[in-house]
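Asks: Turn this into a structure:
(one chain, ligands or ions: 1)
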Amino acid sequence: MPKGKHSRTACIITQSYCYELEWLKERMTLLKIKQMNTDTLTNNNLLAILEENRKLANQINPQQIKVLVHEIKAAKRIFVMAAGRSGLALKMAAMRFMHLGYTVFIVGETNTPAILKGDLLLLASGSGTTASVLSSAEKAKSQQATVIAITADVKSKLAVLADAIILVNAATKTDFGVSVSKQYAGSLFEQFTLLVLESVFMTLWQESGLTKEDLWPKHANLE
Ligand SMILES: O=C([C@H](O)CO)[C@H](O)[C@H](O)COP(=O)(O)O
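Replies: As a prediction, this is how the structure comes out:
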């Protein structure tokens, strides 16, 4: 039984928010889930994932996105860095920015040069505490490059270090128990990071006036 702020009786009497009741609700949902067949379960999960992403889209601060769009346009070169699945989301975005004609490097690749003043470092970390991401932010700041971080924790060390952030109100990977997402670990954060950057790409593309045909020569032909 998880530690509750109040006893169950006190919760019912005061009708106040109670971890214990939340926990019981969660157990009952799990029991119902066990009785569903695989098809229904997968379909429900797909809809739940879409709904969680839709909620985040309604919470995003357009001003924060505007800053990222502006900094991408202003940067001499764009560097991206994140760990694990957050890193995969950034790599997908990096490819699209390259298709638009930007010079983009993925930190850690052998052909990535030194970051310098005038460059942009785009980071993503749900927790905002991943060591490699923090050290990249510190290095970039010491070189006077601009640092923008996508994170789920506005108070994290990364958020404090960055010149600007995009706050994604998703769960972080260590938000165990009841959290804003039903999904495992940082899944929602990682999905939404990709979606935000897809929308940033589309904005930059639409503003560029380029056609699909214009972009095509930059698409990989060694694949
Ligand atoms: O791959 C990840 C993990 O499975 C959590 O869902 C994370 O992207 C990786 O661990 C990096 O974490 P954050 O820096 O907190 O995004």
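
Asks: can you give me the offset of stretch 113-133 from its chain's centre?
Replies: 14 Å (CA atoms, centre = their mean, to the nearest Å).

Asks: Give me the mean pLDDT for it.
Replies: The pLDDT scores in stretch 113-133 average 98.

Asks: Over to stretch 155-169?
Replies: Averaged across stretch 155-169, pLDDT comes to 98.

Asks: and that stretch, is it in reach of the ligand?
Replies: No - counting by CB under 6 Å from any ligand atom, the ligand has no neighbours in stretch 155-169; the shortest distance is 8.2 Å. (Each C-beta comes from the backbone N, C-alpha and C, glycine too.)

Asks: host element of Leu195?
Replies: helix 187-208 (DSSP states H and E).

Asks: mind listing what's buried in that helix?
Replies: The neighbour-count check on helix 187-208 (16 or more other CB atoms under 10 Å) flags 187-197, 200-201, 204-205 as buried.

Asks: secondary structure class for Ala171?
Replies: Put simply, Ala171 is coil when judged by DSSP: H, G, I helix; E, B strand; the rest coil.

Asks: tell me the phi and psi of it?
Replies: Main-chain dihedrals, Ala171, degrees, to the nearest 10: phi -70, psi 150.

Asks: what sits against it?
Replies: By CB atoms under 8 Å, 6 or more residues apart in numbering, Ala171 lies in contact with 126, 152, 179-181, 183, 185-186, 188-189.

Asks: now that we have those, which one has the most neighbours?
Replies: Counting neighbours by other CB atoms under 10 Å, Gly126 leads these with 32 neighbours.

Asks: How much space separates that residue from Thr174?
Replies: 9 Å (CB to CB, to the nearest Å).

Asks: give the contact list for Ile165.
Replies: Ile165 makes contact with 64, 148-151, 154, 159 under the criterion CB under 8 Å, 6+ apart.

Asks: and what of Glu207?
Replies: Counting by CB under 8 Å, 6+ apart, Glu207 has no contacts.

Asks: average pLDDT for stretch 60-76?
Replies: For stretch 60-76, mean pLDDT is 98.
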